[in-house]
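[1] here is the input, now give the coordinates:
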Amino acid sequence: MSELSTLARPYAEAVFRLAQAESDLAGWSQRIARLAAIVSDAQMARLIADPAVPADRVATLIVEVAGADLGERGANFVRVLADNDRLTVLPEIASQFETLKAQAEGTLEATITSAQELTQAQIDDLVAGLKARFNRAVSVEVAVDPSLIGGAVISIGDQVIDGSVKGRLEKMAFALHG
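    A predicted model of the protein is given here:
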């Protein structure tokens, strides 16, 4: 994962600077997310990995699938990635771009993983609490992990707030044995 992250970083930073220069962070966010979804498709992944298919043909196909909203700069970005054999890194580029975008906008990216599906009211309450605690806007991604037994785990950057039953049980076990 760290190698993937290292490969993606210069591309994410370059496209982020381009998006800032164009004052179009939201538009580029959508373009890169669409491209990441395209290259993540199983058929497209096989085509990208096939050494018999030239990189420029794969790039042309991706640009066609992405549609006119990609624009000329987006198409050029795809061609650069194809020429450097980096199309498979697009999902990581998208992830890093979103992190850079959130930092520029002063937004924290949070992941809330709960044992059960949360209601919108519960999510709104958690977001309000996080906004108050960090004094910044918060964008959340919600996931469900039944192995947590109950409660939730909130991840913001390198901080983790573990309010899960599983986490409490692990702390108790460590205290008893450690």
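
[2] going forward, measure contacts and count neighbours with C-alpha atoms only.
    Fine.

[3] tell me the spacing between Lys171 and His177.
    Distance of Lys171 to His177, given as C-alpha to C-alpha, to the nearest Å: 10 Å.

[4] neighbour count: those two, which is higher?
    Lys171 (13 against 7; other C-alpha atoms under 10 Å).

[5] show me how far the host helix or strand of that one is from its chain's centre.
    Assigned by DSSP states H and E, Lys171 falls within helix 165-177. Mean C-alpha position of helix 165-177 versus that of the full chain (C-alpha atoms, centre = their mean, to the nearest Å) differs by 31 Å.

[6] give me the residues contacting that helix.
    147-151 (C-alpha atoms under 8 Å, 6 or more residues apart in numbering).

[7] nearest residue to the middle of this protein?
    Ser95 (3.1 Å; C-alpha atoms, centre = their mean).

[8] against Arg133, how distant is that residue?
    Relative to Arg133, and taking C-alpha to C-alpha, Ser95 is found at 24 Å.

[9] ok, Leu7 next?
    For Leu7, the distance to Arg133 - C-alpha to C-alpha - is 34 Å.

[10] settle it for me: which of these two has more neighbours?
    Using other C-alpha under 10 Å as the criterion, Leu7 and Arg133 rank with Leu7 on top: 15 against 9.

[11] ok, for the more buried one, nearest residue in space, not its chain neighbours?
    Val89 (7.3 Å; C-alpha to C-alpha, 6 or more residues apart in numbering).

[12] I figured that neighbour hits Ala8, correct?
    Yes. If you go by C-alpha atoms under 8 Å, Val89 and Ala8 touch, sitting 6.0 Å apart.

[13] more neighbours: which of these two?
    Per other C-alpha under 10 Å, whichever of Val89 and Ala8 has more neighbours is Ala8, with 23 against 20.

[14] so what's the residue count around the closest residue to the more buried one other than its chain neighbours?
    Closest residue in space to Ala8, ignoring its immediate chain neighbours: Ile93 at 5.0 Å, by C-alpha to C-alpha, 6+ apart. Neighbour count of Ile93, defined by other C-alpha under 10 Å: 28.
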